[in-house]
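Participant: need a 3D model of the following:
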Amino acid sequence: MTWQIELRRVGKVFNDRPVLRGISASVCSPGAWTILGPNGSGKSTLLRIIAGLLTPTDGEVLYLRNGERLNAQQRRQAVGMVAPDIALYRPLTALENLRFLARARGMHLRDPQLLELLEQVQLRQRAHDPVATFSTGMVQRLKLLTALVHRPPVLLLDEPGSNLDEAGMEFIRLIVREQAKHGIVIVATNDTREMDYGEPLIRLGA
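Facilitator: Reported below is the predicted structural model:
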């Protein structure tokens, strides 16, 4: 199955201030791409528009599956996203977070299946611990898992390596590499360690 994302002259204005102007680009599965630019250049805004979390002021974003355009509901099911401002429920355990978010995606996975997923991100031993007790790296691994639990064809990552050590960076690199084999990955970053995750797609100015 072939997936394609098209950005057609996308623009965004906040409080009469243009943040994005006339952004056009196209990607097709499989593969990985990067959105590059300094802080404040609009990378996160653009990624949220691609995810469907923000509506562009101008232009549009199209999702195509085998050449057919997806509606809003189909697009939501196609996307998994990890971003600094997408939070987990810190008082809940890792297992409870994963169970809740899987059900929110319409998936009714049994706990043994969820525990196997937690094993894949090296969190099975902490499955019953509150997320509030997790390190930054552990939280990021759990975020990645919740974004991938429904096996989306499109994975969007906003500065995924923020505050991670080299071991954490290598884990994300593996996730990107595996996802890029069959789907689409788009990474928004200004971290030099992440610029080789994919081909440059868009460079935004300050």
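Participant: which residues in the protein form strands?
Facilitator: Ranges of strands within the chain are 3-14, 17-28, 31-36, 58-65, 68-69, 79-82, 154-158, 184-189, 199-203, based on DSSP state E.
Participant: want to throw these into CSV with distance to residue 173 and mean pLDDT?
Facilitator: Any C-beta I mention is one placed from the backbone N, CA and C, and that applies to glycine too. CSV is the format used below for the strands of the chain (distance: least, C-beta to C-beta, whole Å; pLDDT from 0 to 100):
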stretch, distance to residue 173, mean pLDDT
strand 3-14, 22, 98
strand 17-28, 19, 96
strand 31-36, 10, 97
strand 58-65, 26, 98
strand 68-69, 32, 97
strand 79-82, 14, 95
strand 154-158, 11, 97
strand 184-189, 10, 97
strand 199-203, 15, 96
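Participant: for residue 143, which of those strands is the nearest?
Facilitator: For residue 143, the closest of those is strand 79-82, at 4.8 Å, according to C-beta to C-beta.
Participant: so what strands line up beside that closest one?
Facilitator: The strands that strand 79-82 pairs with in its sheet are strand 154-158 (parallel) (by DSSP bridges).
Participant: what's near enough to touch residue 65?
Facilitator: Listed by C-beta atoms under 8 Å, 6 or more residues apart in numbering, the contact partners of residue 65 are 1-4, 74, 78.
Participant: which intervals of this structure have sub-threshold pLDDT?
Facilitator: For the chain, the stretches with pLDDT under 70 are 206.
Participant: would you map the helices across it?
Facilitator: 43-51, 72-78, 94-104, 111-120, 136-148, 166-179 (DSSP state H).
Participant: angle of the third one against helix 136-148?
Facilitator: Note on geometry: by axes from the mean of the first three to the mean of the last three C-alpha atoms, to 10 degrees, helix 94-104 and helix 136-148 are set 20 degrees apart in direction.
Participant: what's the answer for the last one, then?
Facilitator: Our comparison of helix 166-179 with helix 136-148, counting by the same axes, to 10 degrees, yields an angle of 10 degrees.
Participant: and helix 166-179, how far from the chain's centre?
Facilitator: Taking C-alpha atoms, centre = their mean, to the nearest Å, one finds helix 166-179 lying 13 Å from the centre of the chain it belongs to.
Participant: what sits up against that helix?
Facilitator: With contacts defined as C-beta under 8 Å, 6+ apart, helix 166-179 is touched by 32, 121, 136-137, 140-141, 144, 148, 155, 157, 160-161, 164, 185, 187, 193-194, 197-198.
Participant: out of those, which are buried?
Facilitator: Buried members of those, counted by 16 or more other C-beta atoms under 10 Å: 32, 121, 137, 140-141, 144, 148, 155, 157, 160-161, 164, 185, 187, 194, 197-198.
Participant: so how far is residue 185 from residue 160?
Facilitator: The gap separating residue 160 from residue 185 is 10 Å, by C-beta to C-beta, to the nearest Å.
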